[in-house]
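>>> all I have is the shape, not the residue letters:
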Ligand SMILES: CSC[C@H]1O[C@H](OP(=O)(O)O)[C@H](O)[C@@H]1O
C-alpha cells in the first residue's frame, strides 16, 4: 500500500530548489498551472495572505522556507543578531492568516531552531535543515494518516464507500498527497471507494477548482455538487462518510475547518453518516481549550460578491467568514499520524498528544 501511495504523489503545492521557494499559484487552477519563484519572506507572506498557497500544512511549510529565505538575506549576521534581524519577517508571516495553527507551529519550530544554534554552527544550514524536516515530516504524516484513515474505514464499513469531502485537503494543501484526500486516495487504492462527492466550497471554490482537479487527474471517480446539495445527498442515503481536513483542532477536539464544515457535521449526525477529520498533529493546538477561542478569518466581501471578476450581486454588504468550528461531539473520529481518536474529547486528545509522536 505504501508504495502505491507514494506513487500517487503526483501533485505538489510547493518546492524548495536552489535556495528558492517555488509555489504553484492556486488562484489560477485548474485553468492554468503557474509556478512562481520566491526569494523573500515578505513575498511569501503576501502569497499566503492572497492564497497563492493555501491549506493549513502547506501554509506552515511555506512559512518555514520563508524564514530560510529571510536568513539568506542576512547571512553575514552573527546568530544573536540574526534572531533580531529576522523578527520583522517572523511577524509578517504570522500576520498573513490567523486560523491555521500550522503557520504558528512552523514559525515556532524555526524560532526554536535559531535559538538552539551555537556560535560555531552555520545558522543558515540549521534553518534550512529544520524547514526541510518540517516538509518531510508533513509528507510522512500524510502517508500515516492515510493508512490510519483506511484502517477506520475498513473496520467500520462494508463494501465500497460514497465519501463526501469539503474544500481541498489534498496535495495542494500539504507537503504530501493530502490529509482527507490522502485517506480517499488510500481507500481508492484499496478498492473501497465507489465515488467522491466533492462540494464546490463557495466562495473560493477549493472543491470545484482544486479537489476536482486533483481527483480527476488520477482517475478517482468523483462528482461535483453545489454546497447546498449536501443535505439532499445524505437524505437520499447516498453518502456513507464525510471526510474533511482541519485548520486547527483544540484541546477538547473541537475543529476549525472551511466554512460549511459545521453544517455538514450537523447533517451527518442527523442522517447517521460517519464524520472523519484528518490532520497532522501540527494542526492540534493544545493551548486552546475549545473551539470558541479559535480566531476565524474573515476575508474580503468581494470573494462572495464576484466570481472570476464578474459581479454576482447588487451593491449589498457581504459577510465572508472562511472557517467555522465543529464541536467535538459531532465528530466520530479524528485521524492524525500519532493515532486515531474516536469520539474525541479532552482526555483522549491529551492522551494522543502525550503519547509517542
Ligand atoms: C489539509 S488542511 C486544508 C484546509 O485548509 C483549507 O482552508 P484554505 O483553503 O482557506 O487555506 C480548508 O479549511 C481545508 O480543509
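The structure has been received and is ready for your questions. Model, not experiment: these values are computed from the prediction.

>>> tell me the residues of the stretch 201-350 of the chain that contact the ligand?
206, 244-245, 247, 257-258, 322 (CB under 6 Å from any ligand atom). Every C-beta, even on glycine, is put in place using the N, C-alpha and C of the backbone.

>>> out of the residues you listed, flag the one nearest to residue 186.
The nearest member of those to residue 186, counting by CB to CB, is residue 245 at 14.7 Å.

>>> one step back: which ones among the residues of the stretch 201-350 of the chain next to the ligand lie within strands?
Within these, residues falling in strands by DSSP state E are 244, 257-258.

>>> looking at those residues, which has the most residues close by?
Neighbour counts for those, by other CB atoms under 10 Å, peak at residue 257, which reaches 29 neighbours.

>>> make TSV out of the residues of the stretch 201-350 of the chain next to the ligand and add pLDDT.
Listed next are those as TSV, based on pLDDT from 0 to 100:
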residue	pLDDT
206	98
244	99
245	98
247	98
257	99
258	99
322	98
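
>>> enumerate every residue touching residue 189.
Residue 189 sits next to 1, 4-5, 8 when contact means CB atoms under 8 Å, 6 or more residues apart in numbering.

>>> what's the answer for residue 21, then?
With CB under 8 Å, 6+ apart, residue 21 has these contacts: 14-15, 37-39, 44, 62, 65-66, 69.

>>> can you check residue 24 too?
Residue 24 neighbours (CB under 8 Å, 6+ apart): 12-14, 33-35, 53, 172.

>>> tell me the helices and strands packed up against the longest strand seen in the chain.
Longest among the strand segments of the chain by residue count, using DSSP E, is strand 193-199. Helices and strands touching strand 193-199, by 3 or more CB pairs under 8 Å, 6 or more residues apart in numbering; DSSP states H and E, are strand 161-165, helix 180-189, helix 212-217, strand 222-225.

>>> if you compare the directions of the first one and strand 193-199, what angle comes out?
Relative orientation of strand 161-165 and strand 193-199, computed by axes from the mean of the first three to the mean of the last three CA atoms, to 10 degrees: 20 degrees.

>>> pLDDT of strand 161-165, averaged?
Over the span of strand 161-165, the pLDDT mean works out to 98.

>>> okay, now the sheet partners of it, with direction.
strand 193-199 (parallel), strand 241-244 (parallel) (DSSP bridges).

>>> for the nearest residue to residue 2 once chain neighbours are set aside, helix, strand, or coil?
Among residues not flanking residue 2 along the chain, residue 143 sits closest, at 6.3 Å (CB to CB, 6 or more residues apart in numbering). Look at residue 143: counting by DSSP: H, G, I helix; E, B strand; the rest coil, its state is helix.
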